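[1] Compute the structure for the input listed below.
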Amino acid sequence: MTSVRGWSSRGYRDGRGWLQGAPPPRWVRVLPVVLLGVVTAATLISPDGQDFAFLLGAIPPLAVLSYGPLATAVLSCLVVLLLNVPATHLNHPGDTDLLTVTFVALLSVFVSYVRSHRDAQLLTERAVGEAVQRAVLPPLPERVGAVRCVGLYRAAQHGTLVGGDFFDVRDGPYGVRAVMGDVRGHGLAAVATVVSLLGAFREAVLDLPDLESVATRMGRRLTVDSAGVPHAELFATALLLEFSADLRSVRIVACGHPPPVLLRDGQAQEVAVAPGAPLGLGLVGVDPAKEVTVELGAGDRLFIASDGVWEARDGAGSFYPLPERLAGFAGVDAVALTELVWGDLSGRYEVRDDTTMLVLTPAIG
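    Sure, this is the predicted structure:
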């Protein structure tokens, strides 16, 4: 699957291998049939076909990997039949051998029946998971207002589609606004917090005239959600952006989140932001996040990434040098850019957290 938020395919639709629930590759499906044909041909040619008889016992279990109970039963019957055809020279096994193969065949049909029903249940559950993903993080439009958007998301918890990272881009009465955040923890435990924060952001985009107020609204949402919960420790980092009406400037509020990287004229530079405390902490003596304004020009792009990108480490313990890598990928389109960064990151670095990237390109005339 191409992910709901722009994940790329690796193996199956969502990157799962066939050992993680994806349909088996073609060679696994044809292996039992090929093996049956090879054994049949070999026994007809060889004067002593019993030398190949042991291979027949492997066919029913192999069929279980990729076939349903009916097809497995057909292959199993062919195996038992082949053992009793005089022309194949396989009609000499003892009663024990024949009973053993017959028992394995019957057992394989039963296992195939159980596996088929389990796979159907897993497909249903995964479809529900994808529906939840679309509800929590709906597909990101290619363009919001006059801002082109490309996003990529990888959940850290294996087998899940959603995690602790989130992002969204919305157009409202105060311009195009974007958010990227990372809640405490990852995986399914963080989904409820993600839902609350996105709801607060989408409501604030329509109501509040400045980004500082939006950040305050989101922080209050976390405070309310954690009220009365002992040791909740509910907080999130967030980066909020708002483009001016003419798109020639962007206002940024950073709440404990890594800064965006400005891509301009083949160079990549971290944007200097006024760092604020993460949402929901309300630390004593720490000023609220302050808004900064960055001027933009034609062709400028903003690359925003979560901690999963910035804090990935190589074998020597060094952090991933995101600005340096982005400068090396200058000139490629936004979709290719996220894929190049992900390929470079996952190929040589250890990624321990959800990985999220967002590229925003204002269409400045």
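
[2] Please tell me how far the most centrally placed residue in the chain sits from D182.
    Nearest to the mean C-alpha position of the chain, by C-alpha atoms, centre = their mean, lies R154 at 3.7 Å. R154 is 13 Å from D182, where distance means C-beta to C-beta, to the nearest Å. All C-beta atoms are positioned from the backbone trio N, CA, C, and that covers glycine.

[3] Overlap in contacts, those two.
    Residues touching both R154 and D182 by C-beta atoms under 8 Å, 6 or more residues apart in numbering: 308, 354, 356.

[4] Isn't the second one up against F166?
    No: judged on C-beta atoms under 8 Å, D354 makes no contact with F166 at a distance of 9.2 Å.

[5] Mind listing the shared neighbours of those two?
    Joint contacts of D354 and F166 (C-beta under 8 Å, 6+ apart) are D182.

[6] wait, which of the shared contacts of R154 and D182 is closest to L65?
    The shortest approach to L65 among those belongs to D354, at 32.1 Å (C-beta to C-beta).

[7] ok now do that closest one, which residues does it touch?
    D354 neighbours (C-beta under 8 Å, 6+ apart): 153-156, 163-165, 182, 186, 306, 308.

[8] out of these, what pair is the most spread apart?
    R154 and D182 (13.0 Å).

[9] ok, back up a step: looking at the contacts of D354, which are in strands?
    If you go by DSSP state E, the contacts of D354 have 153-154, 165, 182 in strands.

[10] Output these as a markdown table; include the columns pLDDT and distance to A334.
    Shown next, in a markdown table, are these (pLDDT from 0 to 100; distance: C-beta to C-beta, whole Å):
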| residue | pLDDT | distance to A334 |
| --- | --- | --- |
| Y153 | 86 | 15 |
| R154 | 82 | 17 |
| D165 | 85 | 18 |
| D182 | 89 | 21 |
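
[11] With distance to L360 added, can I get those in a markdown table?
    Listed next are the ones in strands among the contacts of D354 as a markdown table, based on distance: C-beta to C-beta, whole Å:
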| residue | distance to L360 |
| --- | --- |
| Y153 | 15 |
| R154 | 19 |
| D165 | 16 |
| D182 | 18 |
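
[12] hang on, isn't L198 packed against F167?
    No: counting by C-beta under 8 Å, L198 sits too far from F167 to count as a contact (9.1 Å).

[13] can you list residues touching both of those two?
    Common neighbours of L198 and F167 (C-beta under 8 Å, 6+ apart) are L137.

[14] what about these two, which has more around it?
    F167 (25 against 21; other C-beta atoms under 10 Å).

[15] Which residues are in contact with L206?
    Counted by C-beta under 8 Å, 6+ apart, L206 has contacts 172-173.

[16] for it, helix, strand, or coil?
    What DSSP: H, G, I helix; E, B strand; the rest coil gives for L206 is helix.

[17] The one 3 residues further on too?
    Classification of P209 into helix, strand or coil gives coil, according to three-state DSSP.

[18] OK, contacts around it?
    P209 neighbours (C-beta under 8 Å, 6+ apart): Y174.

[19] same deal with L337?
    150, 303, 326, 329, 359.

[20] What segments of this structure are helices?
    26-45, 53-56, 59-64, 69-83, 95-136, 191-207, 211-226, 307-310, 322-328, 334-348 (DSSP state H).

[21] Turn the ones you listed into JSON lines, columns for mean pLDDT and distance to L262.
    Output for the helices of the chain, formatted as JSON lines (pLDDT from 0 to 100; distance: least, C-beta to C-beta, whole Å):
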{"stretch": "helix 26-45", "mean pLDDT": "82", "distance to L262": "46"}
{"stretch": "helix 53-56", "mean pLDDT": "74", "distance to L262": "63"}
{"stretch": "helix 59-64", "mean pLDDT": "88", "distance to L262": "55"}
{"stretch": "helix 69-83", "mean pLDDT": "86", "distance to L262": "57"}
{"stretch": "helix 95-136", "mean pLDDT": "80", "distance to L262": "29"}
{"stretch": "helix 191-207", "mean pLDDT": "89", "distance to L262": "23"}
{"stretch": "helix 211-226", "mean pLDDT": "88", "distance to L262": "18"}
{"stretch": "helix 307-310", "mean pLDDT": "90", "distance to L262": "16"}
{"stretch": "helix 322-328", "mean pLDDT": "92", "distance to L262": "9"}
{"stretch": "helix 334-348", "mean pLDDT": "90", "distance to L262": "14"}
